[in-house]
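Q: Here's a sequence, model it:
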Amino acid sequence: MRFAEIIGQDDVKHRLRMAFREGRIAHALMFLGPEGSGNLALALAFAQYVSCENRSDDDSCGTCTNCRAHANHQFPDLYYTFPFFNVGDKATTCQEWMKDWREFLQHSHYGGLDEWRDHITKDNKQLHISVYEAANIIHQLSLKSFRGGYKFQIIWMAEFLKPDTANKLLKIVEEPPENTIFLFIASSMENLLQTIISRVQVIYVPRITDEEVKSRLLQLGAPEKRAGEIAHFAHGDWNKAMRLLATENPDENYAMQFQTWMRSCYKKDVVALVKWSDMMHAQTREDQKHFIQYAMDQIRQNLILNYTGDAIVRMNQGEKAFADKFAPFINDLNAEDLMDELNAAYRDISQNVYSKLVFTDLSMKVHYMLIRK
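A: Next up, the predicted model:
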């Protein structure tokens, strides 16, 4: 992965290059950014840049032996840790999942947790980073560098580091072997352990701008109007942008579903809500989760519109026409509760709770929240 392949993030790329050239790279970096922002891609590009035999000021060369090994995710001095589930009763580590992980990376460097889970299991098994993996990390980093340069330990989804696993890693994170760099990847500070945060330099990775998403989509051959629509709905998530590019009508179906649902909830049209829940139940789990994420974003945008006007809202023409009438019903009396219930529904769907019941129950709760004065 070269820096040139990453969508946007020019400021982060510049700071990483400058810090390395000036010898100011910390031994443990945390790339903290929302899913689809490219935090994993940045970590991979940085590792390749440091390893490159012919790097320029701006990027790795992409053609030397080390760059080719990085491109194939076969660089021998780069180790990966990621959430997984145990195989049978044995002490499972990431080694058992490395083939799947490399396939996942070959598909995209912007994939999220849901895509990874679906790649390795259709049973929605709970993922974790086990204590055994901590021992595996310590062992790997004790080995001599194969290429004689830096060694890298990537820990993707660092939020999955539980206290027992993290405690075993604290000493080596604080005092790693010579020329060893830890690269943590996380999407939320909320679930990170303070013991880990205190030992890393945090690199904040912002969402990709709409303009940067649109520009890359145009480079991929998307028509300008379609690229603009996708950029709007993707909201800085390149992984979502690629999903939308493969669909016929980018998120407009979610917009229509949301607006129909809100009208039925407000009127407490039970027949319509039951039909709507049946329709949602017939969709895939991923579509259900994506719809809930869209609904949460619309609640946020309508709250902003209600209190600040339309100067900073992110809505297209159809969403804005609906929100002009709907926004007054989203206020400080119900916005937090609405978000809590949507988050709970997202969690239930993720855990394979019967979706028809989830959406029916959610609809009844939304009704009472919308009529709250």
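Q: Domain-wise, how is the protein divided?
A: Using automatic domain parsing, the domain parsing of the chain gives 3-204, 210-245, 252-370.
Q: buried residues in the shortest one?
A: This means domain 210-245. Neighbour counts using 16 or more other CB atoms under 10 Å place 210, 212-214, 216-217, 222, 226-245 of domain 210-245 among the buried residues. For glycine as for every other residue, the C-beta is placed from the backbone atoms N, C-alpha and C.
Q: What is the burial count for T121?
A: 14 (other CB atoms under 10 Å).
Q: make that F84, sorry
A: 25.
Q: quick one: low-confidence parts of the stretch 251-373 of the chain?
A: 251, 373 (pLDDT under 70).
Q: in it, which spans are helices?
A: According to DSSP state H, counting those that start in this stretch, the stretch 251-373 of the chain carries its helices in the segments 252-267, 270-281, 285-308, 317-326, 335-350, 355-370.
Q: so what does the fifth one touch, helix or strand wise?
A: Think helix 335-350. helix 285-308, helix 355-370 (3 or more CB pairs under 8 Å, 6 or more residues apart in numbering; DSSP states H and E).
Q: Let me have those in CSV, extended by mean neighbour count and distance to A69.
A: Listed next are those as CSV, based on neighbours: other CB atoms under 10 Å; distance: least, CB to CB, whole Å:
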stretch, mean neighbour count, distance to A69
helix 285-308, 18, 33
helix 355-370, 18, 44
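Q: In JSON lines, list these along with distance to K168.
A: Converted to JSON lines, the helices and strands packed on helix 335-350 look like this (distance: least, CB to CB, whole Å):
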{"stretch": "helix 285-308", "distance to K168": "33"}
{"stretch": "helix 355-370", "distance to K168": "37"}
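Q: quick revisit: of the helices of the stretch 251-373 of the chain, which approaches L169 most closely?
A: Between L169 and these, the shortest separation by CB to CB is 26.9 Å, and it involves helix 335-350.
Q: How about the contacts made by the closest residue to H232 other than its chain neighbours?
A: Nearest in space to H232, with sequence neighbours left out and distances taken as CB to CB, 6 or more residues apart in numbering, is N316 at 5.6 Å. Counting by CB atoms under 8 Å, 6 or more residues apart in numbering, N316 touches 229, 232, 255.
Q: Can you tell me the element the first one falls in?
A: Secondary structure assigned from DSSP states H and E places E229 in helix 224-234.
Q: quick one: contacts of that helix?
A: For helix 224-234, contacts defined as CB under 8 Å, 6+ apart pick out 36, 210-211, 213-214, 217-218, 222, 240-241, 244-245, 250-252, 254, 294, 314, 316.
Q: now swap in stretch 22-29 and tell me
A: Applying CB under 8 Å, 6+ apart, the external contacts of stretch 22-29 come out as 18-19, 43, 46, 50, 173-174, 176, 180-184, 199-203.
Q: Many thanks, I have nothing further to ask.
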